[in-house]
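Visitor: What follows is a predicted structure for the sequence shown.
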Amino acid sequence: MNDMSLKLPWYRQPLVWLVISIPLSAVLAGIVTIYLAVTTDDGLVVDDYYKQGLAINRQIERDRTATRLQLSADIEIDTATGFIKVMFDKGLLETYPQTLTLGLRHATRQQQDNFITLQHGVDNQYVGAVSQDGDQGIRNGVWHVEISRAKDGEIGAWRLSRRVWLEGFTRVELLPEAE
């Protein structure tokens with residue numbers, strides 16, 4: 001060691017700053033972690049797991065009903081305009097329902113979920129649209145698509161569902177879940 005390094009004040013010593021930087025970086029990382037934990041939304045966390053478990057049984061019964069009724073649907077979704085067209089095969093249903101409910105649930109962002117009422121058009125066609133304003137628009141990515149019978153706020157007696165990648169103009173075929 002030379003005499004010059006001993007005469008420098010402590011804040012001019014590189015080794016001192018190396019020793020200080022390690023715990024300082026841990027403290028700063030902790031502050032950033034606490035900030036992110038407090039300010040961000042953890043939308044994937046469910047408060048009531050028991051109710052979610054009970055709902056799974058109802059969903060399975062709705063899938064079985066769709067299989068029994070031999071229902072299917074072909075959906076055309078345009079993510080740019082939000083226009084949705086559905087060709088619905090009513091299978092063993094006596095008549096076409098006046099409305100269907102289309103659920104578009106984002107795989108990771110619950111605030112982007114959309115529920116659209118589709119109006120019956122000509123023959124087997126149903127049409128609807130999603131507003132492209134704010135977070136409610138359809139973005140490219142993984143979505144859970146579900147069609148069910150619309151019943152004044154109640155869960156429909158059947159459903160057709162599938163997980164799909166939506167990008168641009170997408171065609172989706174929905175068939176009943178195999179048992």
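Guide: That came in fine, so what should we check first?
Visitor: nearest residue to the residue nearest the centre of the chain other than its sequence neighbours?
Guide: Nearest to the geometric centre of the chain sits His106, at 1.6 Å (Cα atoms, centre = their mean). Spatial nearest neighbour of His106, excluding adjacent residues (Cβ to Cβ, 6 or more residues apart in numbering): Gln112 at 4.1 Å. (Glycine included, C-beta is placed from N, CA and C.)
Visitor: What of Glu173?
Guide: Asp74 (5.5 Å).
Visitor: The one you found should be in a strand, yeah?
Guide: Yes - judged by DSSP: H, G, I helix; E, B strand; the rest coil, Asp74 forms part of a strand.
Visitor: give the contact list for it.
Guide: 86-87, 171-174 (Cβ atoms under 8 Å, 6 or more residues apart in numbering).
Visitor: Same check on Asn114?
Guide: Contacts of Asn114 (Cβ under 8 Å, 6+ apart): 103-104, 130, 136, 138.
Visitor: Bridged to it, which residues?
Guide: Beta-bridge pairing of Asn114 under DSSP bridges involves Leu104.
Visitor: Mind pulling up the pLDDT for it?
Guide: Per-residue confidence at Asn114 stands at 87 (pLDDT).
Visitor: cool, and Thr67?
Guide: For Thr67, pLDDT reads 88.
Visitor: cool, and Asp3?
Guide: 62.
Visitor: wait, isn't the residue nearest to His106 in contact with Val142?
Guide: No - counting by Cβ atoms under 8 Å, Gln112 stays clear of Val142, with 11.4 Å between them.
Visitor: Can you report how many residues lie near the residue nearest to His106?
Guide: 19 (other Cβ atoms under 10 Å).
Visitor: so what's the backbone phi/psi at it?
Guide: Dihedral pair for Gln112: phi -100, psi 0, per degrees, to the nearest 10.
Visitor: show me what contacts the residue nearest to the centre of the chain?
Guide: 112-113, 139, 141-144.
Visitor: which among those end up buried?
Guide: 112, 143 (16 or more other Cβ atoms under 10 Å).
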